[in-house]
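Novice: Need the 3D shape of this:
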Amino acid sequence: MDLLPLFQSFEATAVGTIVRESLWLFPVIECGHLLALALLGGSMLVVDLRLLGLGLTAQPIPQLAARAHPWMLAAWAGIIATGIPMFLSEAVKCYYSPPFWYKIGLLVLASVYTFTVRRRVTAQPQPRLGALTALASLTLWGGVGFAGRWIAFY
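Specialist: Got it, this is the predicted structure:
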């Protein structure tokens, strides 16, 4: 099944056209996207480092994870909300971009992992399992960020 016609229709949407034809709209949306990514990174990193025993060791992991969770959700929503109009403005370019497909695949994996495995482990942490969970989380989200940055250079 060829998805190119679907991606062409995405790019032809009103939102895609407005963002693409605006001189400043894409960079403004991208700034919001990067700010949301930084917030996600910070809210994830503080918990993942704690799972690794590298920071905030006086804080119980379940408490720290519960405090960081609303920030993580807001950041994740911000990434999706800003990513969609950027995608719509250059959907055909994304269709031909392997880094885009890597990013989307890793985003799905990282999101599912975060809201299932990682959430369960932070609720009832065990030292070795917590460390493995943190390393997997850092790897998945780092991959999302790397692939996203790679899109611009492909």
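Novice: hey, let's count contacts and neighbours off CA atoms from now on
Specialist: Fine.
Novice: Could I get the contacting residues of the nearest residue to A68 once chain neighbours are set aside?
Specialist: Computed as Cα to Cα, 6 or more residues apart in numbering, the closest residue to A68 that is not its neighbour in sequence is S43, at 5.4 Å. The neighbourhood of S43, defined by Cα atoms under 8 Å, 6 or more residues apart in numbering, consists of 68-69, 71-72.
Novice: element containing S43, please.
Specialist: Assessed by DSSP states H and E, S43 sits inside helix 25-51.
Novice: how about that helix: buried residues?
Specialist: Buried residues in helix 25-51, defined by neighbour count with 16 or more other Cα atoms under 10 Å: 26, 29-30, 32-34, 36-37, 39-51.
Novice: List of residues touching stretch 125-138?
Specialist: So stretch 125-138 is contacted by 45, 48-49, 51-53, 61-62, 110, 113-114, 117-118, 121-122 (Cα under 8 Å, 6+ apart).
Novice: buried subset of those?
Specialist: Among those, those that count as buried by neighbour count (16+ other Cα under 10 Å) are 45, 48-49, 51-52, 61-62, 110, 113-114, 118, 121-122.
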